[in-house]
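[1] this one's structure only:
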């Protein structure tokens, strides 16, 4: 009799456990915090394996054991290629398939910065050109502020059988006599620079550098003024980009589109601005060093050297130091030699 009663109790207990398992729902499984127990609950509900253990009786697996169990055996090779490291130039110009972001997305072009204070050793109070003569004299301070806004957008990609992208860009540089209270703090000059570019990604080696792209562009630059203060010119160019690690080099020869002499605001501008420019950029962690050279091979030296240094301040905001020496810091100053030093904020750098 005792054995019969004991068997009956066991059968009833097993029936109750099975009935409890049948009544268990997905919500009950989702409420289980332990990963192994929750997975076991789902397996029971799906019928993948039977279990006579209640949720509370499922074995507890430590996080270390779970992690070790989830790792593939050493002999198994992970499927798929490893994540590709994108260089700064690739991200800035979307040179690789992994860096593509589609069309009509506004992107930084050249540096975007604000120089809160900039001091010139030799301000240009009376700009002049061979065809426009001397402008009216201005009462200028040696100290001013300046800023640059430079943006680009890709209008089309995959042109010429997938080998080129079409970009449009706009750069504006303004010089503000903000500390000149006696003259109502005027904007001394603003230069406007719309641009169209056809970019061809490349992949070749030259002198230890990797050629990344060739950029064919059309560029207009003017100061938007008239009379003796009017300055403008148009250029076509080919820009060659190279990189090695955290170093990038941009070489851009250009050709000035000719204008009729009577309407040419600045016929001798190439004597000072030259036939191209060179930009070298080196990133060291969150710091960026840059140098811009222009017209530096002339024997009578009418060149330009601009040094830049940006460093982290807070989040994405950076501090910026700029040192300029030579001709052409602005269009009105294209034939004027000066040295300036400025300090301010950098929003986006060359790359």
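    Now that the structure is in, tell me what you want to look at. Remember, it's a predicted structure, so these values are computed and weren't measured experimentally.
[2] Pop the domain breakdown of this structure in here.
    Following automatic domain parsing, one finds the domains of the chain at 2-70, 88-260+267-348.
[3] Report the distance from the longest one to the chain centre.
    The reference is to domain 88-260+267-348. From the chain centre to the centre of domain 88-260+267-348 is a distance of 15 Å (CA atoms, centre = their mean, to the nearest Å).
[4] what's the span of that domain from first residue to last?
    Taking CA to CA, to the nearest Å, domain 88-260+267-348 runs 12 Å from one end to the other.
[5] quick revisit: can I get the domains of the chain in CSV including mean neighbour count?
    Glycine gets a C-beta too; all of them are placed from N, C-alpha and C. Shown next, in CSV, are the domains of the chain (neighbours: other CB atoms under 10 Å):
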stretch, mean neighbour count
domain 2-70, 12
domain 88-260+267-348, 16
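[6] Would you state the helices of the protein in chain order?
    Assigned by DSSP state H, the chain shows helices spanning 2-23, 26-30, 35-46, 63-70, 88-93, 159-162, 269-273.
[7] Lowest average confidence across those helices, which one?
    Note on the helices of the chain: helix 2-23 shows the lowest mean pLDDT, a mean of 43.
[8] Identify the residue spatially nearest to residue 124, adjacent ones excluded.
    residue 336 (4.3 Å; CB to CB, 6 or more residues apart in numbering).
[9] before we move on, what about residue 289?
    Among residues not flanking residue 289 along the chain, residue 282 sits closest, at 4.8 Å (CB to CB, 6+ apart).
[10] And residue 274, by the same measure?
    residue 295 (2.9 Å).
[11] if I pick that neighbour, what's in contact with it?
    For residue 295, the contact set (CB atoms under 8 Å, 6 or more residues apart in numbering) comprises 272, 273, 274, 275, 302, 303, 304, 326, 327.
[12] tell me the contacts of the fifth one?
    Taking CB under 8 Å, 6+ apart as the definition of contact, the neighbours of residue 302 are 271, 272, 274, 295, 326, 327, 337.
[13] Mind pulling the model confidence for the closest residue to the last one other than its chain neighbours?
    On the basis of CB to CB, 6+ apart, the spatially nearest residue to residue 337 that is not a chain neighbour turns out to be residue 327, at 5.6 Å. Residue 327 is assigned a pLDDT of 96 by the prediction.
[14] need the contact list for residue 327.
    272, 273, 295, 302, 303, 304, 333, 334, 335, 336, 337.
[15] how much space between the fourth one and residue 179?
    Which is residue 302. Computed with CB to CB, to the nearest Å, the distance linking residue 302 and residue 179 is 29 Å.
[16] again with the first one
    Residue 272 sits at a distance of 27 Å from residue 179 (criterion: CB to CB).
[17] same thing with the fifth one?
    Relative to residue 179, residue 303 is positioned 29 Å away (criterion: CB to CB).
[18] now the third one
    When distance is defined by CB to CB, residue 295 is 31 Å away from residue 179.
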